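In: whatever this is, show me its structure:
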Amino acid sequence: MTIALATDHTGIEALKEIQDYLEDLGYSCHNFGPQSLDPNDDYNDFVTPAARAVASGECDKGIVMGGSGQGEAMSANRVAGVRCAVFYGPAVPRKVVDVSGRVSHDPYEIVRLSREHNDANMLSLAARFLSLEDMKMVIKLWLETDFSNDERHIRRIRKLG
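Out: Residues are numbered from 1 along each chain as shown. Below is the predicted model of the structure:
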């Protein structure tokens with residue numbers, strides 16, 4: 001599996017660590033940058049090419065990061081065929097998480113649901129809100145979670161366009 005990686009200046013140090021981590025796990029990575037620190041760079045210049053690579057099939061999945069991860073996800077989601085979820089920290093569900101009535105107390109359940117229910121093909125991480133260890137754990141969980149293939153989720157994804 002090939003993973004597209006991108007960030008802006010906020011996540012440049014973490015991105016290098018994440019790439020090494022992913023390669024140690026056996027994944028191939030295509031780093032869309034940046035390659036050097038420029039505090040005035042724009043995340044779109046790196047995230048959009050990564051998103052295009054995911055949408056075209058050049059890369060199987062994508063992981064991007066920035067300060068909050070929000071702008072990066074917005075940029076990625078402008079590319080047809082991309083479904084980029086944002087993760088900025090652990091959160092415990094207050095209610096039942098799916099139609100089966102399953103209740104979860106897992107603070108990372110939202111990461112799992114982004115794959116199971118939404119078939120997210122990109123993940124945006126908030127570099128200012130997550131430790132490197134949290135990022136690694138979340139990435140591993142996200143990559144190892146399969147899409148459910150439930151008809152209702154397929155139907156909803158198709159409506160995204």
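In: CA only for contacts and neighbour counts going forward, please
Out: OK.
In: OK, contacts around the most centrally placed residue in the chain?
Out: Centroid check for the chain by C-alpha atoms, centre = their mean gives L123 as the closest residue, at 0.6 Å. Applying C-alpha atoms under 8 Å, 6 or more residues apart in numbering, we find L123 in contact with 62-64, 73, 84-87.
In: can you map out the helices along the chain?
Out: Per DSSP state H, the chain carries helices over the ranges 12-24, 44-56, 70-77, 109-116, 132-144, 151-158.
In: how confident was the prediction at the residue nearest to the centre of the chain?
Out: Looking at L123, its pLDDT is 98.
In: from R94, how far off is it?
Out: Going from L123 to R94 by C-alpha to C-alpha, to the nearest Å gives 23 Å.
In: returning to that earlier point: make CSV from the helices of the chain and add mean pLDDT and distance to P34 to it.
Out: CSV is the format used below for the helices of the chain (pLDDT from 0 to 100; distance: least, C-alpha to C-alpha, whole Å):
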stretch, mean pLDDT, distance to P34
helix 12-24, 96, 7
helix 44-56, 98, 7
helix 70-77, 98, 14
helix 109-116, 94, 25
helix 132-144, 97, 18
helix 151-158, 96, 31
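In: quick one: which of the ones you listed is nearest F32?
Out: Closest of the helices of the chain to F32 is helix 44-56, at 5.6 Å (criterion: C-alpha to C-alpha).
In: what residues does that closest one touch?
Out: 4-8, 32-34, 59-62, 64, 72, 75-77, 79-82, 121-122.
In: equivalent analysis for stretch 29-41, please.
Out: Stretch 29-41 has contacts (C-alpha under 8 Å, 6+ apart) with 2-10, 12, 19, 22-23, 46-47, 49-50, 59.
In: swap in stretch 131-143?
Out: 14, 18, 21, 108, 111-112, 115, 125.
In: in a markdown table: the helices of the chain, plus distance to D38 and mean neighbour count.
Out: Shown next, in a markdown table, are the helices of the chain (distance: least, C-alpha to C-alpha, whole Å; neighbours: other C-alpha atoms under 10 Å):
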| stretch | distance to D38 | mean neighbour count |
| --- | --- | --- |
| helix 12-24 | 10 | 17 |
| helix 44-56 | 12 | 22 |
| helix 70-77 | 17 | 22 |
| helix 109-116 | 30 | 21 |
| helix 132-144 | 21 | 16 |
| helix 151-158 | 36 | 12 |
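In: cool, thanks, signing off.
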